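1. next come a sequence and a model predicted from it.
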Amino acid sequence: MTDHTVRAFDEELAKLRDMLVRMGGLAESQLALATTATVKRDAALAARVVEADPQIDALDREVAHHVVKLLALRQPMASDLRFIVAAMRISSDLERVGDYAANVAKRAIVLSQMPPALSHGPLERMSRMVQEMLKDTLDAFAADDAVKAMDVWRRDEAVDEMYSALFRTLLTYMMEDPRNITPCTHLLFIAKNLERIGDHTTNIAETIHFSVLGEEAPGDRPKGDTSAFAAAALGGSTGEA
């Protein structure tokens, strides 16, 4: 961002950026802790993740208030206006990331009370991929790096493909043994929450591209979620048997 004749405006823009950085750091931490709680069956840690979610909500409200103030008092134009509008969009996506991380933690609490039945390895790998996407997106935001943001944008397809594979695996476990239905259902919801975090991270990457270059992301977003087709195929094979 360029320097302005009114120093207070620069300070207000810097404050807005700092709020988003803090919010992103919290969301990143929440996702990592929720995953750890799931893998280690740590109900106490999962509960702390759920309890911390209001911190992200509070920052989202703070960002919204600050954006309204800037729009009303400064009447920004060009790149400043794009950044301020982008900040509102990024804040909304980060708030949703926090919500999904809390949802993962809630499922982790329930799973911790059940006998361990399935490996969490694939779920952990999917979460690691999403965490890396979120980290790289936040780095791109801090550096106003549209190229890095687009690199994250392209990686969303890999998350979708991993979700589809995990969906098929869990559905197969459920069909093979009814005792797997309840834990696998919770794991499916966790996987879907991770996939949605990937989507919101990709939203942020698109917003960074717009904020920096003043252009929408080129082309359609790559998607690789085939879970609906997998469910139909497995259901069909079951019916024929």
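-> Thanks, I have the structure now.
2. now stretch 125-135: average pLDDT?
-> Averaging pLDDT along stretch 125-135 gives 96.
3. now do the buried residues in it.
-> Met126, Ser127, Met129, Val130, Gln131, Met133, Leu134, Lys135 (16 or more other C-beta atoms under 10 Å). For the C-beta atoms, the positions are set from N, CA and C on the backbone; glycine is no exception.
4. which of these sits closest to Ala43?
-> Distance ranking of those against Ala43, using C-beta to C-beta, places Ser127 first at 17.9 Å.
5. was I right about the closest one contacting Leu31?
-> Yes. Between Ser127 and Leu31 there is a contact under C-beta atoms under 8 Å: 7.1 Å.
6. what number of residues are in the vicinity of Trp81?
-> Actually, residue 81 is Leu. It isn't Trp. Counted with other C-beta atoms under 10 Å, the neighbours of Leu81 add up to 15.
7. my bad, Val67
-> Neighbours of Val67 (other C-beta under 10 Å): 17.
8. and of the buried residues of stretch 125-135, the nearest to Ala105?
-> Among the buried residues of stretch 125-135, and counting by C-beta to C-beta, the member closest to Ala105 is Ser127, at 12.1 Å.
9. distance of that closest one from Ala72?
-> Distance, Ser127 to Ala72, by C-beta to C-beta, to the nearest Å: 40 Å.
10. biggest helix in this protein, by residue count?
-> helix 78-112 (DSSP state H).
11. give me the mean pLDDT for that one.
-> Mean predicted lDDT for helix 78-112 stands at 95.
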